[in-house]
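**Q** Model the structure of this input:
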Amino acid sequence: MSDQAAHILRSVFGYDSFRPSQDEVVAHLIDGRDALVLMPTGGGKSLCFQIPALVRFGTGIVVSPLIALMQDQVAALQQAGVRAAFLNSSQRPVDARRVEAQFRAGELDLLYLAPERLLLDRTLQMLDGPPLALFAIDEAHCVSQWGHDFRPEYLQLAVLAERFPAVPRIALTATADERTRVEIVERLALKDARIFINSFDRPNIRYRIHEGQGNVRDQLLRFMRDEHPGEAGIVYCLSRKKTGDLA
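**A** Numbering: from 1, shown residues only. Sure thing, here's the model as predicted:
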């Protein structure tokens, strides 16, 4: 792990140490190699590409299908002093042109793009200009035609390997079985990608199974009253109707 990466972790993001596997992923990407990263939600996937983007020369390009999430991440990065911006369909044309000008001038550390925006000819031509630090493809399971979250645009992201072969790429997801992992690597044309898989064990979560006895609603109320008085919780039901009836 480079001293610069450790310094950025502390001074920019406020953490004293990396979580398991984060340091390996960061070092791997800083060295310019492709990777596929599986980490649970809240496991620190974003730092795996944000820190290398700040260490490497050029702008890091982040592909995200979730407009609200990219806007939240950019706002948090800007608050931390990182030169970050996004381009998506929610922007006014004048704001998009301002971000494009910042990118061309080399004034951005990270630029977030929706996949359909990235694949526009004018966007790809724009990326041909200034130096690029890396490509990060978030929610990479969207490339899988077997999954519920399939996004056709993700199938076209292999163009990044053809057009920018010297720029390292990292694909990230919180959900991918072995078949999906193979599909991600193949469809995104990740070159000799190392696969990092973090444990999905949540030691703060426990499962207890109780057989329904009579009125399940009353049984649930007793459980909440006797074992979790004054606390908040989430109750999952199998249908909207049952949810409404229980509420």
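**Q** Where does the prediction get shaky in the chain?
**A** By pLDDT under 70, the low-scoring segments of the chain are 1, 145-149, 199-204.
**Q** what ranges do the strands span in the chain?
**A** Taking DSSP state E as the test, the strands found in the chain are 35-38, 59-63, 84-87, 110-113, 132-137, 169-173, 194-197.
**Q** Give the pairing partners of the longest one; include direction for each.
**A** In this case it means strand 132-137. Partners of strand 132-137 in the sheet, by DSSP bridges, are strand 59-63 (parallel), strand 169-173 (parallel).
**Q** Now find how far off-centre the first one is within its chain.
**A** The offset between the C-alpha centroid of strand 59-63 and the centroid of the whole chain comes to 12 Å, using C-alpha atoms, centre = their mean, to the nearest Å.
**Q** Can I get it in PDB? Just the C-alpha atoms.
**A** Taking Å, rounded to 0.1, in the frame of the first residue of the first chain, the C-alpha atoms of strand 59-63 are listed here in PDB:
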ATOM      1  CA  THR A  59      -9.700  11.900 -13.900                       C
ATOM      2  CA  GLY A  60     -11.400   8.800 -12.600                       C
ATOM      3  CA  ILE A  61     -14.600   7.900 -14.500                       C
ATOM      4  CA  VAL A  62     -17.400   6.200 -12.500                       C
ATOM      5  CA  VAL A  63     -20.300   4.500 -14.300                       C
END
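**Q** What residues of that strand count as buried?
**A** Thr59, Gly60, Ile61, Val62, Val63 (16 or more other C-beta atoms under 10 Å). Heads up, the C-betas are built off the backbone N, CA and C, glycines and all.
**Q** And stretch 24-38, by the same measure?
**A** With burial defined by 16+ other C-beta under 10 Å, the residues of stretch 24-38 counted as buried are 24-30, 33-38.
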